[in-house]
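Peer 1: Could you look at this predicted model? Sequence included:
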Amino acid sequence: MHMIQPGMEIDVLKENGKLASENYRLLKSHQIKSVDFMGSIGAGKTALIIKIAEKLRAKGVRVCAIAGDVTGDDDYARFEKSGLEAVNCNTGHECHLDAHLIHHTLDKMDLSKYDVVLIENVGNLVCPADFPLGTDYRVVVISTTEGDDMVRKHHDIFQHSDVAILNKVDLAEVMEVDPDAIVEDHRKLTGGLKRMYKCSVKTGEGLDEIMAALKL
């Protein structure tokens, strides 16, 4: 991310907040539920969104995904291949989506076609924390393959998210990671006011709980 002077940073974040509010009002005017999925590369955001979308579509819910990446369309292609309608959103060089990019993306979409919009943010556990997009929920996804210290290393994104997900719990034993220890780190950080859900997209463990938490 570009270096920003303190005063400029305040202005950038303030402007992002205004646009995020506009995005929220726009989505609500179409009665759309929306979720911003943040997390590092390889945490399983794409697979999680695909699985959630499959469950929603099976119930007749109309879903679209926005695939956020610096460059390329790999995640967008995975969404489309799964049968999920998607829109690609490249940042060009920034390490996060922001409300301005999402504002322009929503402008290009026929929002009357959807009940739910699921946004996959750029793979990063730092930059997205300060840039809400105007969604109903902000979710951070980590995985057991990233080690047992992710919460301790990245306080901001867990404090700025509504829901936390620990994915790939089926690999915890192989990775010699204790999922309960990670969940406890999150409990201590948030004072027990927010919950971390244990999940395996591969086995389906925890998905129904997550969807209930997101009111999907």
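Peer 2: Alright, I've got the coordinates.

Peer 1: Quick check: bridge partners of the most centrally placed residue in the chain?
Peer 2: Nearest to the centroid of the C-alpha atoms of the chain, with distances taken as C-alpha atoms, centre = their mean, sits residue 37, at 0.5 Å. Applying DSSP bridges to residue 37 yields these beta-bridge partners: residue 120, residue 139.

Peer 1: For it, give me its contacts.
Peer 2: 45, 48, 49, 118, 119, 120, 121, 139, 141 (C-beta atoms under 8 Å, 6 or more residues apart in numbering). In this view, the C-beta of every residue, glycine as well, is placed from N, C-alpha and C.

Peer 1: Among these, which one sits closest to residue 204?
Peer 2: Nearest to residue 204 among the contacts of residue 37 is residue 48, at 11.1 Å by C-beta to C-beta.

Peer 1: Contact partners for the closest one?
Peer 2: Residue 48 makes contact with 37, 141, 165, 167, 199, 201 under the criterion C-beta under 8 Å, 6+ apart.

Peer 1: and the fourth one, how far is that from residue 23?
Peer 2: Residue 167 sits at a distance of 26 Å from residue 23 (criterion: C-beta to C-beta, to the nearest Å).

Peer 1: Just want to know which of these two has more residues nearby.
Peer 2: Set side by side, residue 167 and residue 23 show more neighbours around residue 167, with 28 against 21, by other C-beta atoms under 10 Å.

Peer 1: right, and the more buried one touches residue 202 too?
Peer 2: No - using C-beta atoms under 8 Å as the test, residue 167 is too far from residue 202 to be in contact (9.1 Å).

Peer 1: Report the set of residues contacting both of those two.
Peer 2: Counting by C-beta under 8 Å, 6+ apart, residue 167 and residue 202 have no contacts in common.

Peer 1: For this structure, which segments are assigned as strands?
Peer 2: 33-39, 63-69, 85-90, 116-120, 137-143, 163-167, 196-198 (DSSP state E).

Peer 1: Indicate which one of those strands is closest to residue 157.
Peer 2: Smallest distance to residue 157 across those (C-beta to C-beta): 5.1 Å, for strand 137-143.

Peer 1: Determine which of the strands of the chain approaches residue 182 most closely.
Peer 2: Smallest distance to residue 182 across those (C-beta to C-beta): 5.6 Å, for strand 163-167.

Peer 1: quick one: contacts of the closest one?
Peer 2: Residues outside strand 163-167 that contact it (C-beta under 8 Å, 6+ apart) are 39, 43-44, 48, 137-144, 158, 179, 182-183, 186, 194-201, 206, 210, 213-214.
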